[in-house]
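Colleague: Okay, here's the prediction I keep looking at, along with the sequence it came from:
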Amino acid sequence: MSALLIDALAALLTLLALGVLVPVGVLTLQLLLARPGLRLPAPAGRRPRVAVLMPAHDEAEGITAAIAALRPQLAAGDRLLVIADNCSDATAAVAAAAGADVSERFDTTRRGKGYALDHGMRQLAAHPPEVVVIVDADCVVEPGGLDRLARECAARERPVQALYRMLTPTGAGLRQRVAQFAWRVKGQARALGYRRLGLPCQLMGTGMAFPWAQIASAPLASGHLVEDLQLGLDLAAAGHAPYYCVEAVVTSSFPASEDATASQRTRWEHGHLGVIASQGPRLLWRALRGRQGALAALTLDLCVPPLSFLVLLLGAVLAAGLLFALASGRLLPLQLALLALLLLILGIGSAWRRFGRDAITLEELLGIPLYVLAKLPMYARLLVARQTQWVRTGRDKPPR
């Protein structure tokens, strides 16, 4: 190889290695700082008036449990509104019988949770609440959760995200238990680590509370694959970055079917990677230029890709760095990739010790690279058939 070509390849591989090292560094920092027992007292003062929006598409089998968990938590003046969105089953009738207000929506061209939420907000506009809480129809808000979300939201005057726990069904296989561990890393450990630094979290789709003025002006009507992620970024860019409230808990379950779990993960991961590619650099530049620390922190968190994808990406950069080192004697790209590998092992090991030992064993944790390789076809579809339309995940029994 000519010296010019070697220099060009060295620069390219160094940039790629840095492109992996930065998100790995953010991830590791979050995981090392995370503490599962971190709890704060509830804000004092008057409890604001709340409206709970529950978007529901063909949720007749499970919605009763979600409503039953919420009704005892409602105070005088509160409202629980179910949006039965393009339903082909008895969701509307079941929700009404369970004690919720119901508004039906039928629009076969504008499909997705974002459109349902926009419809619900328009129903609330005549008598707006102080706080809007969004809960999915397959989720159970644990006792005290609604009160805590409402108080935190009113006291902080910003969006608030509850701890969102996803459980695996009895007898779940390794893939589902690994998915559960990965969700704890994403939805709990990373958010806790950022909270210790006073930094915001991403919105996670359910267990979300918003001051009325902020959510009323937000662009909700879309069929975006990860509308919650997009909403959190939009609000952060407007100066309202979400706060993570681990003291309020919302519980749901992974589908019992591994095919349904894979479909759910595909939607989440394709949507997340699409947002990184389309908005990550732009948002980071905007945050740095405007000196918006919260938005910069949230954008760096956004740019940490799904764990499996990050492992695959790091493996590819490691292999390229090793081949280049053997061919040219240049070690910097390989050294950066090895540093990223060490940081990733440190961070994931810390997360497993604090959050994952009941989900997977250490032996199973060490076998995760094989699980990651099995997801190669899903990531290959990003190039040839990326999922862009919202598709409902198949449901099983509601969480207990």
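Modeller: Good, I have the coordinates.

Colleague: Quick one: end-to-end distance for stretch 200-216.
Modeller: Start to finish, the residues bounding stretch 200-216 are 21 Å apart (Cα to Cα, to the nearest Å).

Colleague: Flag every buried residue along that stretch.
Modeller: 200-212, 214-215 (16 or more other Cβ atoms under 10 Å). From N, CA and C alone the C-beta is placed, and that goes for glycine too.

Colleague: which strands and helices sit next to the longest strand anywhere in the chain?
Modeller: With secondary structure taken from DSSP state E, the chain has its longest strand at strand 243-253. Under the contact criterion of 3 or more Cβ pairs under 8 Å, 6 or more residues apart in numbering; DSSP states H and E, the helices and strands touching strand 243-253 comprise strand 140-141, helix 145-156, strand 160-167, helix 190-196.

Colleague: 7 Å instead, please
Modeller: Strand 243-253 is packed against helix 145-156, strand 160-167, helix 190-196, with contacts defined by 3 or more Cβ pairs under 7 Å, 6 or more residues apart in numbering; DSSP states H and E.

Colleague: then it to CSV, C-alphas only?
Modeller: Once side chains and other backbone atoms are set aside, the C-alpha atoms of strand 243-253 remain, and they are given as CSV (Å, rounded to 0.1, in the frame of the first residue of the first chain):
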residue,chain,number,x,y,z
TYR,A,243,-37.1,13.8,34.2
TYR,A,244,-36.7,10.2,35.3
CYS,A,245,-38.9,9.2,38.2
VAL,A,246,-37.9,5.7,39.3
GLU,A,247,-40.3,6.0,42.3
ALA,A,248,-43.3,5.6,40.0
VAL,A,249,-43.5,2.1,38.3
VAL,A,250,-45.4,0.9,35.3
THR,A,251,-45.3,-2.8,34.4
SER,A,252,-45.9,-4.6,31.1
SER,A,253,-44.8,-8.0,29.7
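
Colleague: re the thing from before, residue 232 is nearest to which of the helices and strands packed on strand 243-253?
Modeller: When these are ranked by proximity to residue 232, the top entry is strand 160-167, at 7.9 Å, counting by Cβ to Cβ.

Colleague: So the closest residue to residue 24 other than its chain neighbours versus residue 346, what's the distance?
Modeller: Here the nearest residue to residue 24 in space, its sequence neighbours aside, is residue 340; by Cβ to Cβ, 6 or more residues apart in numbering that works out to 4.4 Å. Distance check for residue 340 against residue 346: by Cβ to Cβ, to the nearest Å, it reads 11 Å.

Colleague: got the contact list for residue 149?
Modeller: By Cβ atoms under 7 Å, 6 or more residues apart in numbering, the contact set of residue 149 is 133, 160, 162, 209, 245, 248.

Colleague: Per-residue pLDDT of it, please?
Modeller: At residue 149, the model reports a pLDDT of 98.

Colleague: Give me the spatial nearest neighbour of it, chain neighbours excluded.
Modeller: Across the structure, with Cβ to Cβ, 6+ apart as the measure, the residue nearest residue 149 apart from its sequence neighbours is residue 209 (4.0 Å).

Colleague: Mind listing the strands the helix or strand hosting that neighbour pairs with, and their directions?
Modeller: Here residue 209 is covered by strand 208-211, with elements defined by DSSP states H and E. Based on DSSP bridges, the pairing partners of strand 208-211 within the sheet are strand 131-134 (antiparallel), strand 160-167 (antiparallel).

Colleague: ok, and what's touching that strand?
Modeller: Counting by Cβ under 7 Å, 6+ apart, strand 208-211 makes contact with 131-134, 149-150, 153, 157, 159-161, all of which sit outside it.

Colleague: again with stretch 340-353
Modeller: Contacts with stretch 340-353, where a contact means Cβ under 7 Å, 6+ apart, come from 20-21, 24-25, 27-28, 31-32, 185, 189, 314, 318, 365.

Colleague: Run a quick neighbour tally on residue 100.
Modeller: Other residues lying near residue 100 total 24 when counted by other Cβ atoms under 10 Å.

Colleague: Ok, residue 84 next?
Modeller: Other residues within reach of residue 84, judged by other Cβ under 10 Å, total 29.

Colleague: so where is the stretch 301-400 of the chain shaky, pLDDT-wise?
Modeller: For the stretch 301-400 of the chain, the stretches flagged by pLDDT under 70 are 378-379, 381-400.

Colleague: Show me where it has its helices.
Modeller: Listed in chain order, the helices of the stretch 301-400 of the chain (DSSP state H, counting those that start in this stretch) span residues 307-328, 332-351, 362-366, 368-374, 376-384.

Colleague: Deepest in the core, which of those helices is it.
Modeller: Comparing the helices of the stretch 301-400 of the chain by mean neighbour count (mean count of other Cβ atoms under 10 Å), helix 332-351 comes out on top with a mean of 19.

Colleague: what angle separates that helix from helix 307-328?
Modeller: 150 degrees (axes from the mean of the first three to the mean of the last three Cα atoms, to 10 degrees).
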